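Q: Fold the following, please.
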Amino acid sequence: MTRYDKAVQKLDAYNIADIKKEMSAEFKEIGKRAALKEINERKAAMRANTNTLAIYDKAGRYIDGIAHQGHHTVLFAGSGSYKTTFITALCMQALENNEALETHYWGFDVNPPYVKAIIDIDHERFSLFTNQTVSDMESFYYRYINNEVRLDNTIIVLDTYKFLSSDVNNKNANKKAMHFIKDVCRLGAAWVSIHHSNKDGKRESGTAEIEQDCDGLLRIDTVIDGNKAIANIKNGGRVRWEGTNLTIQTVISGDDKERPELFWSKAIRNAKIIGNVDIERMKTASEKAPDMERIAKIILDYKTDTKEAINQTELIKRIRENELIELSVREIKPALIAGNNRYWKCSENKQFNQRLFYPM
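A: Have a look, this model is predicted:
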């Protein structure tokens, strides 16, 4: 028997099915080992990202409660709430407190007087981008993402979010925008998106996807009190930190309406954080100013006629009898509280268990 015949005989002795089975098992094992390695690498990367966020949450609060390193905050408010003014002012104050910090403000929804005001303020670390497109913004940050260039000590403001999402009411459109922002935040930036509320002013336009994918959903409630705009920035939905509640005010001057860039400049420069203010109470007083003035006259007339303060029971009776006052029965007591120290003064008479009202 030749060597060739022996080799053929040996091959015939093998079961081809067994060979295939052994090879399949070996390839399967190789695949499992490769998959397990990839899973472990991804798990380590996700753990590292979580640990990084934990560090950011404690150390990287560029604007406490609003702009946190590695986080995306969505801040919504209605028109006329001075949200651009207040966020710009907070960013500039943060720059003054941290010399390493810089702000990228993408003002797709700002007006020319605001731009002129920012140029006049001329802060070297506050970069306002208004003539670029959203594609320009994306390609700008993809250079960072693709080359793993860090964005530490950077606040990025998007004014407004609707320009990045092709359809704020579409889940997939929002998802694409949010994932882009997450990729930027992973490089160490703090991203703040300004967003318009619905007509009721209570929630943001768009789907719940916005709240699910951002790190903090905040709202601005603003009231005008004479020559001051006062805003409360607080939780408007889920947040990944203990919560936000700050009040900021600025001076607004009707005298500057003819020079709007001066109006904006003064509003930004004069903004400051103040103690807690009951915005809802102030809103009630402002919205019902004509009724408040009529109530104040009732209190004054009573004091003039009797030389005494009017008690709450008598005051409510006279308010209900006044045909010019449009308050419902349920609105009267909250209005009396809201107008205290603005339209009148009140005190408690413990002896007779009465609340007394005096003219200012």
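Q: where does the stretch 51-200 of the chain dip in pLDDT?
A: 51-60, 197-200 (pLDDT under 70).
Q: what are the ranges of the helices in it?
A: Using DSSP state H, counting those that start in this stretch, the helices of the stretch 51-200 of the chain run over residues 83-97, 112-121, 134-146, 171-185.
Q: Deepest-packed of these, please.
A: helix 83-97 (a mean of 21; mean count of other Cβ atoms under 10 Å). C-beta: built from backbone N, CA, C; applies to glycine.
Q: Can I get that helix in PDB? Just the C-alpha atoms.
A: What follows is helix 83-97, C-alpha atoms only, in PDB (Å, rounded to 0.1, in the frame of the first residue of the first chain):
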ATOM      1  CA  LYS A  83     -34.300  83.900  30.600                       C
ATOM      2  CA  THR A  84     -31.500  85.000  28.200                       C
ATOM      3  CA  THR A  85     -30.600  88.000  30.400                       C
ATOM      4  CA  PHE A  86     -30.500  86.000  33.600                       C
ATOM      5  CA  ILE A  87     -28.500  83.000  32.200                       C
ATOM      6  CA  THR A  88     -26.000  85.400  30.500                       C
ATOM      7  CA  ALA A  89     -25.600  87.300  33.800                       C
ATOM      8  CA  LEU A  90     -25.100  84.100  35.800                       C
ATOM      9  CA  CYS A  91     -22.500  82.900  33.300                       C
ATOM     10  CA  MET A  92     -20.600  86.100  33.500                       C
ATOM     11  CA  GLN A  93     -20.600  86.100  37.300                       C
ATOM     12  CA  ALA A  94     -19.300  82.500  37.100                       C
ATOM     13  CA  LEU A  95     -16.500  83.700  34.900                       C
ATOM     14  CA  GLU A  96     -15.500  86.300  37.400                       C
ATOM     15  CA  ASN A  97     -15.300  83.700  40.100                       C
END
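Q: For residue 313, which of the helices of the stretch 51-200 of the chain is the nearest?
A: helix 83-97 (42.0 Å; Cβ to Cβ).
Q: tilt between that closest one and helix 112-121?
A: Between helix 83-97 and helix 112-121, the angle comes out at 10 degrees (axes from the mean of the first three to the mean of the last three Cα atoms, to 10 degrees).
Q: Pull the residues that contact helix 83-97.
A: 62-63, 66-67, 75, 77, 101-103, 105, 107, 109-110, 114, 118, 121, 123, 125-126, 155, 157, 159, 192, 194, 220, 222, 229, 231, 233, 248, 250, 264, 267-269, 271 (Cβ atoms under 8 Å, 6 or more residues apart in numbering).
Q: now do 6 Å
A: Helix 83-97 is contacted from outside by 62-63, 77, 101, 103, 123, 125, 155, 194, 220, 231, 248, 267-268, 271, using Cβ atoms under 6 Å, 6 or more residues apart in numbering.
Q: Likewise for stretch 142-160?
A: 62, 67, 91, 100-107, 109, 183, 187-195.
Q: Next: stretch 297-306.
A: 310, 318, 344, 357, 359.
Q: mind listing which of the residues you listed are in strands?
A: Using DSSP state E, the subset of these located in strands is 310, 344, 357, 359.
Q: Distance to residue 141 and neighbour count added to these, as a markdown table?
A: Converted to a markdown table, the ones in strands among the contacts of stretch 297-306 look like this (distance: Cβ to Cβ, whole Å; neighbours: other Cβ atoms under 10 Å):
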| residue | distance to residue 141 | neighbour count |
| --- | --- | --- |
| 310 | 63 | 26 |
| 344 | 55 | 22 |
| 357 | 58 | 25 |
| 359 | 59 | 17 |
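Q: Please report how far the nearest residue to residue 178 once chain neighbours are set aside lies from residue 262.
A: With Cβ to Cβ, 6 or more residues apart in numbering as the criterion, residue 178 has its nearest non-adjacent residue at 3.8 Å, and that residue is residue 213. For residue 213, the distance to residue 262 equals 39 Å [Cβ to Cβ, to the nearest Å].
Q: Tell me which stretches of the stretch 251-360 of the chain form helices.
A: 260-269, 279-287, 289-306, 312-321, 329-338.
Q: relative orientation of the first one and helix 112-121 in degrees?
A: What separates the directions of helix 260-269 and helix 112-121 is an angle of 60 degrees, with the same axes, to 10 degrees.
Q: The longest one too?
A: Computed with the same axes, to 10 degrees, the direction of helix 289-306 lies at 80 degrees from that of helix 112-121.
Q: Likewise for the fourth one?
A: Here helix 312-321 points in a direction 140 degrees away from that of helix 112-121 (the same axes, to 10 degrees).
Q: which residues of the stretch 251-360 of the chain score low on pLDDT?
A: Short version for the stretch 251-360 of the chain, where the test is pLDDT under 70: 254, 257, 277-287.
Q: Show the contacting residues for residue 252.
A: Contacts of residue 252 (Cβ under 6 Å, 6+ apart): 227, 229, 267.
Q: now the residue nearest to it when sequence neighbours are not counted: how far from residue 78?
A: Using Cβ to Cβ, 6+ apart and skipping the chain neighbours, the partner closest in space to residue 252 is residue 229 (5.1 Å). Separation of residue 229 from residue 78 (Cβ to Cβ): 13 Å.
Q: neighbour-wise, which of the two wins?
A: More crowded of residue 229 and residue 78, by other Cβ atoms under 10 Å: residue 229, with 21 against 17.
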